[in-house]
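Student: Have a look; sequence and predicted model below, questions after that.
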Amino acid sequence: MNAVLGMTQIAKKYKSDPDKLDHALEHIASEGNYLLTMINSILDINQLEYGHMELINKPFDLEECMYDSIQMLRPLAKKKEQTLRISSDVHEHIVVGDSGHFSQIMVNIVSNAIKYTDIGGEINVLLEALPENRYRFTCTDNGIGMDQEFIQHICEDYSRAEDSRTSSSEGTGLGMSVVKGFTELMHGTLEIKSEPGKGSTFIIETPFAEPTQKEREIALKSASDSQMNIDFKGKKVLLAEDNTLNAEIATELLENIGLVADWAENGELAVQKFEQSENHTYLAIFMDMQMPVMDGIDATKKIRALDRPDKDILIFAMTANTLTKDRQRCEEAGMNGYISKPINLKEIEKTLKEHIDI
């Protein structure tokens, strides 16, 4: 938080200096993502402890999941002038599993490697296919390393090596608790090899189910569609969001890909705007889940019950809720998809491309 607020002040100071402004904004983005990871870790630990965490198993491209997860950490490695290498022998391989939790496992491991590896260090990431539908994710660094006693405690809640080797590194130590919890939830194994001053190696082995031929074709088509260029310029979408700042952010992101956002401050107004519009005015509706007057679930049900030809319009939930039951409520209400908060442009564009007939 200190880095985000500090860099925000620097950005304001150098708003007339493009290079320094870009530098500050890059740091704000990378530190903001790290802060989000830390907050999610705290929430995840709580859900794991009380047995509320559930898997959401769907077909996904394993290699693509790894690359997308690690790429977001490159700015952190770049800041420390580290070499971050990614390799894989798993190409266009569709599996069935929880891509979100697998992504969080990889992000937590690699972010820890970046944190505890000195400036100019090296981090190597490898994804391999094993027999019997098992897969191995390995992260090796030449960082500070750990002794055997600390390795025994590394996955305990809030554990962190508070000694002279780590005193200069910031962190909460929550990540490895999440890694261990998610790995066990996915029926996988975690192995840690390390020596003080010689770096560390983290090895995750986890099983993933094989998809049906239809699931594989859908997943590959989704990946192909996400790479296609679609012209959204001038197309209208309805945005239901009660928070003014969130609405401003969403509107800007939607406009970045050419969409025109029509804002409704709650679910009731969203239904009214849709009812009063001509058929097929909107390409899609982005629906916040928790709003006053009428929430996103009820608003979606009312839209689906309307007597008009475009009542099957694409409706995407926008929410920070991550439990399976919340996703099920969205699906039962008739929503087509789910966009996690805080929202980002890449996810919006990818979600639209996956659902629009090309």
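Tutor: Looks like it arrived, so ask away.
Student: from here on, contacts and neighbour counts on C-alpha atoms
Tutor: OK.
Student: Tally up the residues packed near the closest residue to R85 other than its chain neighbours, please.
Tutor: Using CA to CA, 6 or more residues apart in numbering and skipping residues adjacent in sequence, the residue nearest R85 is N124, 4.8 Å away. Using other CA atoms under 10 Å, the number of residues around N124 comes to 17.
Student: who does the helix or strand hosting N124 pair up with?
Tutor: Per DSSP states H and E, N124 falls inside strand 122-130. Sheet pairing of strand 122-130 (DSSP bridges) gives strand 83-88 (parallel), strand 134-141 (antiparallel).
Student: quick one: secondary structure of K193?
Tutor: strand (DSSP: H, G, I helix; E, B strand; the rest coil).
Student: Please look at it and S200 and confirm they touch.
Tutor: Yes. Counting by CA atoms under 8 Å, S200 is a contact partner of K193 at 5.7 Å.
Student: Of these two, which one has the most company?
Tutor: Set K193 next to S200 and count neighbours by other CA under 10 Å: S200 wins out with 22 against 15.
Student: Quick check: nearest residue in space to that one, chain neighbours excluded?
Tutor: S200's closest residue in space is S194 (CA to CA, 6+ apart), at 4.3 Å.
Student: give me the number of residues near the one you found?
Tutor: 21.
Student: okay, it: pLDDT?
Tutor: S194 is assigned 94 on the pLDDT scale.
Student: still on that earlier bit, show me the residues around the residue nearest to R85 that make contact.
Tutor: L84, R85, I86, T138, C139, T140, D141 (CA atoms under 8 Å, 6 or more residues apart in numbering).
Student: and it, what are its bridge partners?
Tutor: Beta-bridge partners, per DSSP bridges, of N124: R85, T140.
Student: And whichever strand or helix holds V271, what does it pack against?
Tutor: Taking DSSP H and E as the definition, V271 sits inside helix 267-276. Applying 3 or more CA pairs under 8 Å, 6 or more residues apart in numbering; DSSP states H and E, one finds that helix 267-276 contacts strand 236-240, strand 260-264, helix 296-304.
Student: Go through these and name the closest to L43.
Tutor: Within the helices and strands packed on helix 267-276, the stretch nearest L43 is helix 296-304; the backing value is 23.2 Å (CA to CA).
Student: in the closest one, what's buried?
Tutor: Buried positions in helix 296-304, judged by neighbour count with 16 or more other CA atoms under 10 Å: G296, I297, A299, T300, K301, I303, R304.
Student: From the contacts of N124, keep the buried residues only.
Tutor: L84, T138, C139, T140, D141.
Student: Looking at those residues, which two lie furthest apart in space?
Tutor: L84 and T138 (12.9 Å).
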